[in-house]
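Asker: no sequence on this one, just coordinates:
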């Protein structure tokens, strides 16, 4: 389902200043994440769905289990801190009345 509130990529950009297109899907963000075993989508998949403006990015468990520990942000070679993106996606999901 495609949402009607506007492109997620730009919602994230406006909320965080981050361009999620910088994610290279290298999967480095998985290293050290204390909640990786609870993900239903890898962060790179969440960002893929966000770039496609699909509600799957807002309804996946991954954004809700993020503990904001900043491990992924430190590890990311492209400077895309998933914890910041996850927080923006949770906010947007609430605005759209969505949950996992």
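Answerer: Looks like it arrived, so ask away. Computed from a predicted model, the values in this text were never measured in an experiment.
Asker: determine the set of other helices and strands touching the longest helix anywhere in the chain.
Answerer: Assignment by DSSP state H gives helix 82-96 as the longest helix of the chain. Applying 3 or more CB pairs under 8 Å, 6 or more residues apart in numbering; DSSP states H and E, one finds that helix 82-96 contacts helix 8-16, helix 43-51, helix 56-59, helix 61-65, helix 71-75. C-beta here means a position set from N, CA and C on the backbone, and glycine is covered the same way.
Asker: deepest in the core, which of these is it.
Answerer: helix 56-59 (a mean of 23; mean count of other CB atoms under 10 Å).
Asker: which residues does that helix contact?
Answerer: 3, 8, 41, 46-47, 49-50, 63, 89, 92-93, 96, 98-100 (CB atoms under 8 Å, 6 or more residues apart in numbering).
Asker: give me that answer again for 10 Å
Answerer: Residues outside helix 56-59 that contact it (CB atoms under 10 Å, 6 or more residues apart in numbering): 1, 3, 5, 8-9, 11-12, 20, 40-41, 45-51, 63-64, 85-86, 89-100.
Asker: so, low pLDDT: which residues of this protein?
Answerer: Within the chain, the stretches with pLDDT under 70 are 1-4.
Asker: which residues touch residue 6?
Answerer: Per CB under 10 Å, 6+ apart, neighbours of residue 6: 14, 53, 92.
Asker: ok, how many other residues are close to the second one?
Answerer: Okay, so that is residue 53. 17 (other CB atoms under 10 Å).
Asker: look up phi and psi at it.
Answerer: phi 60, psi 40 (degrees, to the nearest 10).
Asker: so it makes contact with residue 9?
Answerer: Yes: the criterion here is CB atoms under 10 Å, and residue 53 meets it with residue 9 at 7.0 Å.
Asker: from residue 6, how far out is residue 66?
Answerer: 23 Å (CB to CB, to the nearest Å).
Asker: backbone dihedrals for residue 76, please?
Answerer: The phi/psi pair for residue 76 (degrees, to the nearest 10) is phi -60, psi 120.
Asker: my read: it touches residue 43, true?
Answerer: Yes: assessed by CB under 10 Å, residue 76 is found in contact with residue 43 at 9.2 Å.
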